[in-house]
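*Asks:* Sequence and predicted structure below; questions after.
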Amino acid sequence: MKIGILVFPGTWSHQDFEHVCRDVVGIDCGLIWHKDTSVAGYDCLILPGGFAHGDYLRCGGIARFSPVMEAVVAFARSGGPVLGSCNGFQILCEAGLLPGALLRNTSLQYRCRWVHIRTESVSTPFTRAMRPGQVLKVPISHGEGRYYVPPQELAALEAQQQIIFRYATPDGQVTPEANPNGALDNIAGVCNAGRNVVGLMPHPERASEALLGSTDGRLFFTSVLESLAAATR
Amino acid sequence: MVEARIHVTLKKSVLDPQGDTVKSGLASLGFSGVEDCRIGKFMVLKLQESDPQKARAQVDEMCRKLLANPVIEEYVFEISEVAG
């Protein structure tokens, strides 16, 4: 069982993901450079945060055309679990693997702080170890995190339970005050129709050790371990 | 050669906090009659294509595939002939 962590020029969270996989949770992992054209040998892919290709034009807009993305799209289309965090979420939206887009924060300010997110669905490979409604303490660090989908698509996402996380208060109330970026309906994370691709703005890899203030992020890693183990049984 | 001048802006249905902030800046300067302000991107491309019709089709495809994100943005462009 091996996790592949994608690295684009400007990606900055790959070493944190590598550290948590290898040293905290004990999962084998490897880095995949954006010019590679194969993801063979990996059972799960992670697109970490950062500023891929300088975020020029639009966040994730150029990364989407990196050579490795063809293999990533094929992996996702065949049902392989793919997680995008922060910039990785933006790339997955630009690549059409996730619905919607991420816009400039309503505040126009970069937000780097702890938030709470409520787990809206546990039926994805990255959330199955969580409890429905469980509130996670995780950090955000972004300037363009305002999730948007056209109204008719939002209704479809709701109906198919593709909204996976919402910004909430520590006790799980979804309020405007708990929304750090103006995201539509407090949406912090979504999945695709096949439920194997998940994207969220927060950083689970920065919340996986008590020393850093939260271990809630570990649940993403234990979830995917469980789900890969279940798949091979 | 032809030159394409492309404007990409957020769709009307999408909140543009930058535009709103500039609008209120204009209001505090005394320009109270500004109804709306939208901020966008302006791109100028020079193309080797000499046929404006073909250039138009090319630029439209570029906009749809990369220069604008159809989920949140709309675009307009004009094509003009320029000296190489």
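*Replies:* Structure received.

*Asks:* all contacts plus neighbour counts: C-alpha atoms, from now on.
*Replies:* Noted.

*Asks:* What is the neighbour count of the closest residue in space to residue A:178 that isn't next to it in sequence?
*Replies:* Closest residue to residue A:178 apart from its sequence neighbours, by C-alpha to C-alpha, 6 or more residues apart in numbering or on different chains: residue A:168 at 5.1 Å. The local packing of residue A:168 (other C-alpha atoms under 10 Å in any protein chain shown) involves 26 other residues.

*Asks:* Kindly report the same for residue A:188.
*Replies:* If you count neighbours by other C-alpha under 10 Å, residue A:188 ends up with 29.

*Asks:* got the contact list for the residue lying closest to residue A:195 once chain neighbours are set aside?
*Replies:* What sits nearest to residue A:195 in space, not counting adjacent residues and going by C-alpha to C-alpha, 6+ apart, is residue A:124, at 5.5 Å. Contacts for residue A:124 (C-alpha atoms under 8 Å, 6 or more residues apart in numbering or on different chains) come out as A:191, A:195-196, A:198.

*Asks:* need the strands for chain B, in chain order.
*Replies:* B:2-10, B:40-47, B:73-81 (DSSP state E).

*Asks:* So is the last one next to chain A?
*Replies:* If I follow you right, that is strand B:73-81. No: on the criterion C-alpha under 8 Å from any C-alpha of the partner chain, strand B:73-81 is out of touch with chain A, staying 10.2 Å away.

*Asks:* Adjacent strands (with direction) for that strand?
*Replies:* strand B:2-10 (antiparallel) (DSSP bridges).

*Asks:* could you give the mean pLDDT of the strand it pairs with?
*Replies:* For strand B:2-10, mean pLDDT is 96.

*Asks:* Ok, stretch A:113-121 next?
*Replies:* Stretch A:113-121 carries an average pLDDT of 98.

*Asks:* Report how many residues lie close to the residue in chain B positioned nearest to chain A.
*Replies:* Relative to chain A, the nearest point of chain B is residue B:17 (5.7 Å; C-alpha to the nearest C-alpha). Applying other C-alpha under 10 Å, we find 18 residues neighbouring residue B:17.

*Asks:* Next: residue B:27.
*Replies:* 13.

*Asks:* What residues does the nearest residue to it once chain neighbours are set aside make contact with?
*Replies:* Excluding its sequence neighbours, the residue lying closest to residue B:27 (C-alpha to C-alpha, 6+ apart) is residue B:34, at 7.3 Å. Applying C-alpha under 8 Å, 6+ apart to residue B:34 gives the contacts B:23, B:26-27.

*Asks:* gap between the two ends of stretch A:4-16?
*Replies:* With C-alpha to C-alpha, to the nearest Å as the measure, stretch A:4-16 spans 13 Å from end to end.

*Asks:* Touching it from outside, list them.
*Replies:* Residues external to stretch A:4-16 that are found in contact with it (C-alpha under 8 Å, 6+ apart): A:17-18, A:29-34, A:39, A:42-54, A:63, A:205-206.

*Asks:* Please narrow those to those residing in strands.
*Replies:* Per DSSP E, these map to strands at A:29-33, A:44-47.
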